[in-house]
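>>> Sequence plus the predicted model coming up.
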Amino acid sequence: MLTWLAKAQKPKYLILLILLVVSTAFAIKGWPGPRIYFVFQPPENTFVLNLAKRLADIVFFGLITGVYTGLIVSRIARFAELRAESLRIIRSINYIQEPIGLAIWNDSDVSRLGLIASELLFLKHNKAAKLMLTVEGSIINEKLNADSGRIGFAEYNQSMKDWQSTLRNLPMNLLVLFAPWGHI
């Protein structure tokens, strides 16, 4: 429609187009901007002007709601990504019962749980970060107990299930999730 108005080569349509673009830009920025006042009787094509106003309103509110929805979805996706990464770290720990005790290997990534917790703190998911740090401390404690022979395969296996369950059920901070401000 805008290209049709520009190609019409009629000065009054071109002026209306320029005023529409400028007033929309001022409205988006929140400035008072120029106002269009009709000194003369509006032409018989008020339908086109009303349609243009409605389209501008629809585009403006569509942009705002689209950006807001995108922020919410990106926050949910970021939280889910951090949760999935922490679960991968837990699931990558290998352990087996040997005659001399419980052998645990491939647990070098456990220290990354602290980094994930700090990222959760940055995103304002405080409860989830505290639970993540609790799981990290529990893993380190269980590793020391397994190395000293105080726990066996069954106890460590149950701890693995508990850690995964805790991380799967990490609570999101809904206030931060739906707030128009915040981090992504």
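That came through fine.

>>> What is the neighbour count of residue 95?
Residue 95: 19 surrounding residues under other C-beta atoms under 10 Å. Just so you know, the C-beta spots here come from the backbone N, C-alpha and C atoms, and that holds for glycine as well.

>>> Please work out which residues outside the helix or strand where residue 134 lies touch it.
Per DSSP states H and E: residue 134 is located in helix 126-147. Helix 126-147 is contacted from outside by 79, 83, 86, 90, 93, 95, 101-102, 104, 107, 110-111, 113-114, 116-118, 120-121, 151, 156, 159, 163, 166-167, 170-173, using C-beta atoms under 8 Å, 6 or more residues apart in numbering.

>>> Same check on stretch 74-89?
So stretch 74-89 is contacted by 109-110, 112-113, 116, 119-120, 123, 125, 128, 132, 135, 164, 167-168, 170, 172, 176-177, 182, 184 (C-beta under 8 Å, 6+ apart).

>>> and those, which of them are in helices?
112-113, 116, 119-120, 128, 132, 135, 164, 167-168, 176-177 (DSSP state H).

>>> In PyMOL, how would I select the buried members of these?
Typed into PyMOL, the line below selects the buried ones among the ones in helices among the contacts of stretch 74-89, using 16 or more other C-beta atoms under 10 Å:
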select buried, resi 113+116+119+120+128+132+135+167+176+177
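
>>> mind giving me CSV with the ones in helices among the contacts of stretch 74-89 and columns for pLDDT and distance to residue 144?
Formatted as CSV, the ones in helices among the contacts of stretch 74-89 follow (pLDDT from 0 to 100; distance: C-beta to C-beta, whole Å):
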residue, pLDDT, distance to residue 144
112, 96, 19
113, 97, 16
116, 97, 22
119, 96, 26
120, 97, 25
128, 97, 25
132, 97, 19
135, 97, 15
164, 97, 20
167, 97, 21
168, 97, 25
176, 90, 35
177, 89, 37
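
>>> of the ones in helices among the contacts of stretch 74-89, closest to residue 46?
Distance to residue 46, by C-beta to C-beta, is smallest for residue 177 among the ones in helices among the contacts of stretch 74-89, at 44.1 Å.
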